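**Q** I would like the atomic coordinates for the input below:
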Amino acid sequence: MNESSGNNGQMVTEGNPGERELAGLRAELDKIDNRLLDDVRARIEICTRIAYLKERHAIPVMQPRRVGAVHDHAHRYALDHGLSPQFLHDLYDLLISETCRVEDLIVATDELRTNGAPIDHADPDRVLVRRSPADGAPDTSVG
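**A** Numbering: from 1, shown residues only. Okay, the predicted model is just below:
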């Protein structure tokens, strides 16, 4: 039997139809993973543009109603497509958390550039900024 390296360095037995089929499915999965990662990057890039817009127009960074709308959309999507609503809720919690981290960095960096104010760090990856009491203002984007 011949063996060769498949995707991700996995050994594939060329004579075994099950192994060949598995390698093909893994190749499809790798393509989907690459699209998913590209979409996550694109989402964060758009959220960066949103952060700059919010900063220019003094719009509060945190938009709880928008966060709720995103979660509601993901919940309906999960139900419509036979997915776990909790899984998509958790996934969006991670995406929203990263978006907030990036927006906080943008706002804090701009504040430092403008005011020369010191920036408090809760941890090396998270910059804390003051949130406005008007956080409930409507917004059409997550970020």
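**Q** what strand or helix carries the spatially most central residue of the chain?
**A** Geometric centre of the chain, nearest residue: L95, 3.2 Å, by C-alpha atoms, centre = their mean. L95 is located in helix 85-115, with elements delineated by DSSP states H and E.
**Q** what's that helix packed up against?
**A** Helix 85-115 sits against helix 17-56, helix 64-80, strand 126-127, with contacts defined as 3 or more C-beta pairs under 8 Å, 6 or more residues apart in numbering; DSSP states H and E. Placement of C-beta: from N, CA and C, glycine included.
**Q** what about the closest residue to the residue nearest to the centre of the chain other than its chain neighbours, how many residues nearby?
**A** In space, not counting the residues next to it along the chain, L95 is nearest to R43; the distance is 6.8 Å by C-beta to C-beta, 6 or more residues apart in numbering. By other C-beta atoms under 10 Å, the residues close to R43 number 15.
**Q** likewise V40?
**A** 13.
**Q** just D104 next, same as before
**A** Applying other C-beta under 10 Å, we find 20 residues neighbouring D104.
**Q** how close does it sit to V61?
**A** When C-beta to C-beta, to the nearest Å is applied, the distance between D104 and V61 equals 7 Å.
**Q** same thing with D30?
**A** For D30, the distance to V61 - C-beta to C-beta - is 35 Å.
**Q** more neighbours: the two, which one.
**A** Legend: neighbour count by other C-beta under 10 Å for D30 and V61, higher for V61 (21 against 12).
**Q** how about L91, nearest residue that isn't a chain neighbour?
**A** Looking at L91 with C-beta to C-beta, 6+ apart, the closest residue is A74, at 7.5 Å.
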